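Participant: predicted model and sequence follow; I will ask about them next.
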Amino acid sequence: MSEPARELLRPRPLQPGDLVVIASLSAPLLPEYEANVEHTERLLERMGFRVRRAPLLQAGHSRWWSAADPAQIAAELNTLLRDPEVRAIVANDGGQTAFGYLDLVDLDAIRADPKPILGYSDISLLHLALYSQTGLVGFHADMATPGFGGNWLSATQQRRDELEGLYFRMLTDPDPIGALPTSPTWECWRAGRAEGALIGGVINRVALVQATRFAVPLEWFDGAVLFWEEMGGEASYVWSYLQVLRYAGILDRIAGMVVGVPRDVAGLEPGGSSPTLTEIVLDVLGSRDIPVLGNVEIGHAGPNLPMPVGTRVRLDAGDRSLSLLEAAVGTSSTAC
């Protein structure tokens with residue numbers, strides 16, 4: 001299927017000295033993770049940015065499972081979106097709160113001054129909703145607590161340097177990045193090539209957002225490359241979420257799929273009686289002959305490769321390659 005025209009809203013490229021704010025957009029900052037935020041601050045400063053914490057990002061500040069109630073989080077996010085000094089927002093962590101404030105986000109502020117919002121997990125819900133409502137490029141990328149300040153520390157120095165350069169380019173360079181750096185974990189689950197818009201996130205959020213008025217229009221999946229990952233739950237849940245995408249018509253429209261390394265999904269342990277993740281994916285796809293690239297670092301399992309939602313990519317599963325054909329930042333909105 002041909003990909004429909006859509007307006008892609010790109011933030012302007014960041015410049016040296018620009019202000020980046022770390023904010024609690026979902027879960028609270030636990031005291032034991034304070035060092036993660038400090039490490040993230042140093043990383044962003046090394047990239048040449050000024051860094052500030054949003055007021056709700058205080059260790060121990062919480063309400064239920066959240067940093068605050070949804071209205072408070074939305075109010076703080078809207079303040080950042082409206083502040084011309086703030087040029088990017090980095091989520092501290094994921095969680096279970098974004099569903100509570102999607103209807104409170106100032107969409108006019110985003111349209112007037114689009115800014116990169118970095119995060120994954122629960123933040124992938126925010127990316128999908130804002131993409132569907134405004135065309136904003138979503139930066140499905142690492143955040144402070146489980147990412148920059150945590151998972152990055154377990155990587156080799158060479159990998160950290162590689163990722164730091166990649167993230168800097170993603171935020172500052174209006175030219176396409178091109179091929180993402182590969183790793184030995186990448187697997188071809190079904191060979192083939194595809195080019196299209198990159199759409200996805202945590203699979204349960206992809207499935208759930210489509211049940212709301214913030215759903216990504218179904219026709220936007222025509223010719224798209226769907227990426228997803230999952231943390232926790234059961235292998236059977238992943239199968240069920242994929243079935244939801246099948247019934248929604250998404251799997252009949254996409255041109256390719258990229259699957260992240262799963263984390264803590266029960267039933268996928270080696271030697272178990274459950275099917276492998278590869279078997280689960282190919283079972284639900286059935287006769288849909290689309291390329292599938294598996295075990296890519298795009299989620300909870302380790303340092304993240306950035307996935308700019310809405311931008312055009314090229315996937316070659318046989319060659320185990322994924323290339324970003326459009327920049328995530330630019331001087332103006334573009335039609336794709």
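Facilitator: That came through fine.

Participant: when you work out contacts or count neighbours from here on, use the C-alpha atoms and nothing else.
Facilitator: Fine.

Participant: what stretches of the stretch 101-250 of the chain score poorly on pLDDT?
Facilitator: By pLDDT under 70, the stretch 101-250 of the chain has no low-scoring segment.

Participant: all strands for it, in order.
Facilitator: 117-119, 138-140, 178-179, 187-190, 193-202, 225-229 (DSSP state E, counting those that start in this stretch).

Participant: paired strands for the shortest one, with orientation please.
Facilitator: Based on DSSP bridges, the pairing partners of strand 178-179 within the sheet are strand 321-324 (antiparallel).

Participant: for the second one, same thing?
Facilitator: Using DSSP bridges, the strands paired with strand 138-140 in its sheet are strand 117-119 (parallel), strand 307-309 (antiparallel).

Participant: hang on, the earlier thing: P306 is nearest to which of the strands of the stretch 101-250 of the chain?
Facilitator: When the strands of the stretch 101-250 of the chain are ranked by distance to P306, counting by CA to CA, first place goes to strand 138-140 at 5.8 Å.

Participant: of all the strands paired with strand 138-140, which one is nearest E162?
Facilitator: For the strands paired with strand 138-140, proximity to E162 was assessed by CA to CA; strand 307-309 is nearest, at 15.6 Å.

Participant: all helices for the stretch 151-300 of the chain, in order.
Facilitator: Secondary structure of the stretch 151-300 of the chain by DSSP state H, counting those that start in this stretch: the helices cover 157-172, 203-209, 235-247, 277-285.

Participant: domains of this protein?
Facilitator: For the chain, whose domains are defined here by automatic domain parsing, the residue ranges read 7-175, 178-324.

Participant: for the closest residue in space to E187 that isn't next to it in sequence, grab the count of nearby residues.
Facilitator: What sits nearest to E187 in space, not counting adjacent residues and going by CA to CA, 6 or more residues apart in numbering, is G294, at 5.0 Å. The burial count assigned to G294 is 26, neighbours taken as other CA atoms under 10 Å.

Participant: from W228, how far out is G294?
Facilitator: In this structure, G294 and W228 are separated by 10 Å, where distance is defined by CA to CA, to the nearest Å.

Participant: same thing with L153?
Facilitator: L153 sits 24 Å away from W228, going by CA to CA.
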